[in-house]
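Student: next come a sequence and a model predicted from it.
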Amino acid sequence: MLQQETAQRNTEGTAETTGQVRLENLSKRFDGTIAVNNLKLEIGKGTFTCLLGPSGCGKTTTLRMISGFVEPTAGDILISGESQEGVPPHRRNTSIVFQEYALFPHMTVRQNVGYGLKVHRTPKDELRQRVDRILEFMGLTAMSERLPTSLSGGQQQRVALARALVMEPEVLLMDEPLSNLDAKLRVRVRTELKAIQRRLGITTIYVTHDQEEALAMSDRIAVMDEGILQQYGSPWELYFNPQNRFVADFIGANSFVRARIENVTDTTLLLSVGNQSIELQREAVAATVRTAGEEASLSLRPESIGIQRAEGGNGTADSARSLRGKVNMHQFLGAYIRYWVEVEGQELIVDDHNPRQRGILSGDVDLRLGQSEAQLFPAEE
Amino acid sequence: MSTATPTVELQRRSGVSRLLGLMKDPTVVGAIIVVTVPIIVAVVYPVVNVFIQPALEHWSRFFTRTRYLEVLRNSLFISVLSTISATVIGFGFAYALSRPKFPGKTFFRITSILPLISPPFVAGLSLILLLGRQGIITHGILGLDISMYGWHGLWLAQTFAFYPIAALTLSGVLKSLNPTLEYAAQDLGQTRWGIFKTVTLPMAIPGVASAALLVLMLALSDFGNPMVIGGPFRVMATEAYVQVVGMQNLGMGAVISIVLLVPSFLFFLIQRYWVSRRQYTSVSGKGGRLDPMTISPTVKWLLFAFLMLVSAFVLAIFVVVVWGAFARTWGFDWTLTLENFEFTFLARMGHIWNSIQYSLVAGFTTAVFAVISAYILFRKQFLGRKTFDFLVVLPAALPGTLVGIAFIFAFNQPPLVLTGTAAVVILSMIIRNVPVGYRTALSGLHQIDVSIEESAADGGANTLQILKDITIPLLKTAFTVTLVYTFIRSMNTVSAVIFLVSAGTNVATTSILGLAEHGYWGEAAAMATILIAITSTVVILFRLIGGKKLFEL
């Protein structure tokens, strides 16, 4: 069900080729450090796009360049085909929601939301109508005369969003808008946010360092690290088909196993891991290296590895599709059991999603892998 | 029910046991006494004395005689005027310094610190030399025979004396505003001027009000400038002095100082219970916060020109005082000479030496007292805690004139006869600086995590040991800042000590005022120069050893 939906959205994402926002070789340098390095990105109309990465990766700087607060060192930003070079923030058809909301503490909710319209000298009647409409849409009508400080975090968040949306921008920009909320509220608000975005069909660029948030909300995700775009794709692609080790590691849990490519045939890859060897189906492995004799790093999702009690002795697995290992530790998490299994001196994370079938395992186990969703990256030294 | 009862009992028991536990800890009880007794002796007792002193007759005379009503009107008029100009200039400085890439920041920082570390009447003294009967500009260049004596000159002098205070307060206010709000307004289409008008200024208003109130308090109780440059324009502070010292009319002096107390006490209450609750401070900066917005080039250069003008005037004030110190006879004979300094070293060195000694003792005592009282009031629960907090900061509401007169009443009679001693002078210095020291120490304590002390207590240390090993080292900054701050303020203080010094205990500031009063401008300028040299050396040394929190804009 989830898989279907994501897959569907995936195809939707790739179908959009007309970019509402285009970043052309965008760079930003701060006193010698490169915050954003030659970024190329095309963001489709009506899509929800996340800029995802660890802190300091350049995602916020990118957002600030799109909003106009930060001047790019090189490159250009195109919104609806028009260059934004030298265009100040208030002339751009973008609205930003800040991480700390930036609500004016001396104005009521209504005054906050109506601020931008007032600045643009919107006629009084129209102003009132538009503010009323957006307040109702966001469920804020009841608190329209209150001051922001008397509202909860989630409510403040909605006011900030209303203040941005009432301007009817072409592009909505959001800078980690959920990071000041507690964990439970964050999940609820992100569902709301996504629903609002869908209903309005507004092009949204959303900055976050939370990969779960990005996976849950986005049509497309641009993963960044050290100012460089690592991968741009649908959540599905990023999760199941990461293009490099950073993306594989940053999104979802992952284990990396050092391996050596022994043999490559039309249908199989033969790898050796320490003293054991394993055969994988070629189609199940997205590989950037596949020359026999090369050292490689095999990237595996915890849920893609099957686990069972070891059969037979000798310290090696019987089947060519399995690796023999030893359980170092486990955590029972209800829906699944997470194991830390040592194989040839390396530790793998394995999730068993059917705990009642096998119970909690200990000692020697056989790990079946390579059914799907494995990646082979060049070995890291 | 069964679960609720024990909880209530537990709470009650812990409240009582806390009180009992406190009584068992002799160091805490001792410390409370150490804090309380001096406050009662040096603040409550003298103030009560002032209130019971005047007869009904004094009151009725004050409110019916034109002489007093005029003085009252003068005081209010000049204070409001000076407050407005000083706050506007102070805001200009603070605003410019809070913005990135404003040219000449360091220079403007220096010119707004200079008046803070010199006696407040230096501005008045210098204006006389510049624009007085023998002034360089009026007499020397323009050949006029006019004088600056009166409210015009006083207004100028107070503006320059007090704008740095406004700048200092407002700089803290403007720095605490979240720059993101301005960006949000810009994003919604607002112009720079619009942002200033609808976002920055409204959010700064409580801070501006608070700075203005502070300046108003200082201007109202200013003694030195009206004395030097007020001439026939008499204000409350100088009138009280004339009544007490000139006419020996202590009752009338008391009445005036009480009237002077009313507004400053009101401001104190407003500050404490209203302004402090209306500050729009925001959550402290997370990484990647946006820099404050830059000012538009036109406004920037206009503001720059304005600040340059003010700074030029400030520098002129100091240059002229130093020049005056070296000129043979100001206005007539401009040859440079060391005569004025020779006079100072011969006749008035004792007064400077007194200033240094008293200020040092006051500085140390204030720092110790402030840190202990802050510690006790912040960390320990005891009955009457809020009252004591109020009492410790109360002297901030007392005009210097009132402190001076109150001390005359209180320490001129048994049980405590201190009149004419150095102790009474030093005590007045201490009292006037305790509130600032106490607040500094409190903010220092806020930075210390309670768990640090608790973990030490867990290891078996008692209160005194914890204080010695943990809290005091952590409070070192607050201690040294209070010490240096009190030293500088005491070196420059006038309004209270002028009532308290005797021939043997005269200090530099009152000595300078005496010289100025009799027209010995050169000698007065020489002494003022020495005083400024001492205080600026202390500030520079303090900065060099890494002290930062003093007078920082």
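Tutor: Ah, there it is. Residues are numbered from 1 along each chain as shown, chains lettered A, B, ... in the order given.
Student: near chain B, which residues of the stretch 51-200 of chain A show up?
Tutor: A:55, A:60, A:64, A:67, A:69, A:88-90, A:94-96, A:98-100, A:102-106, A:115-116, A:119-120, A:163, A:167 (Cβ under 8 Å from any Cβ of the partner chain). Glycine gets a C-beta too; all of them are placed from N, C-alpha and C.
Student: please list only the buried members of those residues.
Tutor: A:60, A:64, A:67, A:69, A:89-90, A:94-96, A:98-100, A:102-106, A:115-116, A:119, A:163, A:167 (16 or more other Cβ atoms under 10 Å in any protein chain shown).
Student: domain parsing of chain B, as residue ranges.
Tutor: By the assignment in automatic domain parsing, chain B contains the domains B:56-278+B:296-337, B:338-553.
Student: including mean pLDDT and mean neighbour count, could the ones you listed go into a markdown table?
Tutor: Below are the domains of chain B laid out as a markdown table (pLDDT from 0 to 100; neighbours: other Cβ atoms under 10 Å in any protein chain shown):
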| stretch | mean pLDDT | mean neighbour count |
| --- | --- | --- |
| domain B:56-278+B:296-337 | 85 | 20 |
| domain B:338-553 | 81 | 19 |
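Student: export the ones you listed as TSV, with columns for distance to A:Arg146.
Tutor: As requested, the domains of chain B are exported to TSV (distance: least, Cβ to Cβ, whole Å):
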stretch	distance to A:Arg146
domain B:56-278+B:296-337	17
domain B:338-553	30
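Student: and those domains: which comes nearest chain A?
Tutor: Among the domains of chain B, the nearest to chain A by Cβ to the nearest Cβ is domain B:56-278+B:296-337 (3.2 Å).
Student: is the closest one anywhere near chain A?
Tutor: Yes. Counting by Cβ under 8 Å from any Cβ, chain A is contacted by domain B:56-278+B:296-337 at B:178, B:180-181, B:183-190, B:194, B:198-199, B:202-203.
Student: what's the closest non-adjacent residue to residue 293?
Tutor: No chain was given, so I picked chain A. Ranked by Cβ to Cβ, 6 or more residues apart in numbering or on different chains and with sequence neighbours excluded, the top spatial neighbour of A:Gly293 is A:Ile261, at 6.6 Å.
Student: that's the other chain; I wanted chain B
Tutor: B:Glu182 (4.9 Å).
Student: likewise A:Asp364?
Tutor: A:Ala310 (3.7 Å).
Student: quick one: neighbours of that neighbour, just the number.
Tutor: 20 (other Cβ atoms under 10 Å in any protein chain shown).
Student: show the contacting residues for it.
Tutor: Counting by Cβ atoms under 8 Å, 6 or more residues apart in numbering or on different chains, A:Ala310 makes contact with A:317, A:324, A:363-366.
Student: repeat that with 6 Å
Tutor: A:364-366 (Cβ atoms under 6 Å, 6 or more residues apart in numbering or on different chains).
Student: sort out which one of those lies nearest chain B for me.
Tutor: A:Val365 (43.3 Å).
Student: got a pLDDT number for residue 53?
Tutor: No chain specified, so I'll use chain A. Note for A:Gly53: predicted pLDDT of 91.
Student: nope, chain B
Tutor: So, for B:Gln53, pLDDT stands at 82.
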